[in-house]
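Engineer: Generate a structure from the sequence data that follows.
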Amino acid sequence: EPPYLVPSHPTPIPSLNPMCQRKISLLLLALLPFTYAQDSLLQVQVVTRHGARTPLTKEASSLREGGSSLTPLGELQQYQLGEWLRSRYSSFGPEFRTYNASRVRIRSSAFERTMVSAQSLALGLFPESSRSSNTTGVSLLPKNVTRANIPVFTTDNKNDIEIRAYANCPAFSSTLTMLYASPSLKDLETQNLALLEKLALFPTFSQYSSANSNGVNSIRLGDLWNIFDAINVAKTECDPDPDAVVCKSLEDPSVRNYLTDAEWSQLQVLSHDVEHQKYGQSTAGNKLGSNLLKTIESKMSDPSPVTWVVYSAHYPTILGIFAAMGTYEENVAFERQIIPNYASAVVFELYETADKQRYIKLLYKEGLQDTLIDLTIGNGCESINCPLPTFTSIVRAFPSSSEWCDRCANMESDTCMSLLLANPATKNDTCDKEEYMLSVAVIFSLIGGICMTVLLMKICRWVQKERKQSSDTIQRTTEESKSDRPNSAAEPGSEMSTIEIGELHSQA
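Structural biologist: Predicted structure coming up:
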């Protein structure tokens, strides 16, 4: 198998003097191009977390979110991530350092913080000098303006069952209520009760508290994210510059100083543990990562794969991928208690050997750290360099789209609705084919009843209108007959009898 890529700062070789270490390191770097001469890098796919943003609240069970926007610091973080990717991969060929619309695909969830993150990353990955000309070969923009010719593709939230599968899987959301009442979270609450009680005393956080077993208000673990995020955002935006515009715009910037350093570290560990239990394999299974992994695999299996694919996403997206692949279980040394930081990235590298065999490498970059962590995919792919056919077999064992819709009880996305209409037998545990057909019959009965009611109303109105016209005609005929013959000159039998009038009514 090919050796690992040499990191930007090679690890010193132990038990050798510094001069010898330097010589060996330089020799390894010199040999690197020859080592990889027979293996070509075909594709890089990157799943990133957006950059720093304003506070984001979440409802404990439904995960319904409040609003949040990328901050200037977040833009910079994503730009730097783009620059880092460019510096790492530009040496593998012009296709990795030059923008080509047919070879680059950037996707994002439909949120401002992820879409602007994607645009910022694109600026760092493909500076103006690396962008191919448009179809006319010229740019009419001023020379100092970077062209906006790298599109970011997205889909509306209800149809995003890849990047935001965690927000569109009602069955997953329903398990969170049980998780919050589970013994594991109750134990965490007991172990951190003093901290949770202190947090409940802060005025802004009291809404997330309730009386505990001691009769004292403490923060509910299901709502702990809202407290952690508020403090984390304040520290991220205010610690470098308390006078920064974003810092001053926060509801209460002083919250960053409410806890001691030890208490803040404790809150970080606790919050990260809770989030990992939310989105981990025992709770989420493969529901949150399988759809995106199938998309990633399909782009790798393409006979002529695109060079770059970037997914601007969220930390639950990354945790969902890891849960579906069993990454934490396979990489015990990996910091499983750490929530992916802003601008963190999961990298899938696709290589091809001289005999046309493809394999992939899974790597992780934590925030703005320069180092990459090599990860074992797991689920049967035990090697760092995982053969693509093995990865394909792992991914294709995941639920199909119709099975995912069924297991998640998703009845809103266009994908799931089209599958349901195309296959009425597709069902979840509470909606089988008979219930579906009964529902259809009831709906059509209601529609038929409404149509019949409307039709009868129109017939009645037509009959009433015709009767009124006939009555008016008879009345005019009678009045004209009386006016043509004066009473004094009337001859016997000249006036219409009651019987004749009745016959006229009948005819009408």
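
Engineer: list the contacts for the closest residue to Phe126 other than its chain neighbours?
Structural biologist: Nearest residue to Phe126 in three dimensions, chain neighbours excluded: Tyr99, at 4.1 Å (C-beta to C-beta, 6 or more residues apart in numbering). C-beta: built from backbone N, CA, C; applies to glycine. By C-beta atoms under 8 Å, 6 or more residues apart in numbering, Tyr99 lies in contact with 126, 130-132, 149-150.

Engineer: Can you say which of those are buried?
Structural biologist: The neighbour count (16 or more other C-beta atoms under 10 Å) marks 126, 131, 149-150 as buried among these.

Engineer: Could you list the low-confidence segments of this protein?
Structural biologist: Within the chain, the stretches with pLDDT under 70 are 1-37, 132-138, 333, 335-337, 424-440, 478-508.

Engineer: Show me the residue at the heart of it, geometrically.
Structural biologist: Centroid-nearest residue in the chain, with C-alpha atoms, centre = their mean: Arg164, separated by 1.8 Å.

Engineer: which residue packs closest to Glu263, ignoring adjacent ones?
Structural biologist: Leu195 (6.0 Å).

Engineer: What's the local residue count around the one you found?
Structural biologist: Neighbour count for Leu195, taken as other C-beta atoms under 10 Å: 18.

Engineer: Check the gap between it and Leu319 for me.
Structural biologist: Applying C-beta to C-beta, to the nearest Å, the value for Leu195 to Leu319 is 23 Å.

Engineer: For the nearest residue to Asn410 once chain neighbours are set aside, what are phi and psi?
Structural biologist: Closest residue to Asn410 apart from its sequence neighbours, by C-beta to C-beta, 6+ apart: Cys416 at 4.5 Å. The phi/psi pair for Cys416 (degrees, to the nearest 10) reads phi -70, psi -40.

Engineer: so Cys416 touches Ala409, yeah?
Structural biologist: No. Look at Cys416 against Ala409 with C-beta atoms under 8 Å: they stay out of range, at 9.3 Å.

Engineer: higher neighbour count, those two?
Structural biologist: Neighbour comparison, Cys416 and Ala409: the larger count goes to Cys416, with 23 against 18 (by other C-beta under 10 Å).

Engineer: which residues of the chain fall in strands?
Structural biologist: Ranges of strands within the chain are 40-49, 104-108, 209-211, 217-219, 308-313, 345-352, 358-365, 373-375, 385-387, based on DSSP state E.

Engineer: what's the closest of those strands to Phe334?
Structural biologist: strand 373-375 (6.7 Å; C-beta to C-beta).

Engineer: Name the residues that touch the closest one?
Structural biologist: Contacts for strand 373-375 (C-beta under 8 Å, 6+ apart): 4, 327, 330-331, 334, 361-366, 384.

Engineer: just to revisit the earlier point, just the strands of the chain: most buried one?
Structural biologist: Most buried of those by mean neighbour count (mean count of other C-beta atoms under 10 Å) is strand 308-313; its value is a mean of 26.

Engineer: picking up where we left off before, give me the nearest residue to the residue nearest to the centre of the chain, chain neighbours excluded.
Structural biologist: Counting by C-beta to C-beta, 6+ apart, the residue nearest Arg164 is Ser109, at 5.2 Å.

Engineer: pretty sure the one you found contacts Ile163?
Structural biologist: Yes. Here Ser109 reaches Ile163: they are 4.6 Å apart, a contact under C-beta under 8 Å.

Engineer: Comparing those two, which shows the higher neighbour count?
Structural biologist: Higher neighbour count among Ser109 and Ile163: Ile163, with 28 against 24, using other C-beta under 10 Å.

Engineer: for the residue nearest to Asn410, what are its contacts?
Structural biologist: 161, 401-402, 405, 410.

Engineer: how close does it get to Ala234?
Structural biologist: Cys416 is 39 Å from Ala234, by C-beta to C-beta.

Engineer: would you put the C-alpha positions of stretch 304-316 in CSV?
Structural biologist: C-alpha atoms of stretch 304-316 as CSV (Å, rounded to 0.1, in the frame of the first residue of the first chain):
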residue,chain,number,x,y,z
SER,A,304,-14.3,10.3,-15.0
PRO,A,305,-14.7,11.8,-11.5
VAL,A,306,-14.8,15.5,-10.9
THR,A,307,-11.7,16.9,-9.2
TRP,A,308,-13.3,18.9,-6.3
VAL,A,309,-16.5,18.4,-4.4
VAL,A,310,-17.1,20.6,-1.4
TYR,A,311,-20.1,20.3,1.0
SER,A,312,-20.6,23.3,3.2
ALA,A,313,-22.3,21.7,6.2
HIS,A,314,-22.8,21.6,10.0
TYR,A,315,-21.2,19.7,12.8
PRO,A,316,-24.1,17.2,13.1
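
Engineer: follow-up on the earlier one: shared neighbours of Ser109 and Ile163, which are they?
Structural biologist: Counting by C-beta under 8 Å, 6+ apart, the residues touching both Ser109 and Ile163 are 313-314.
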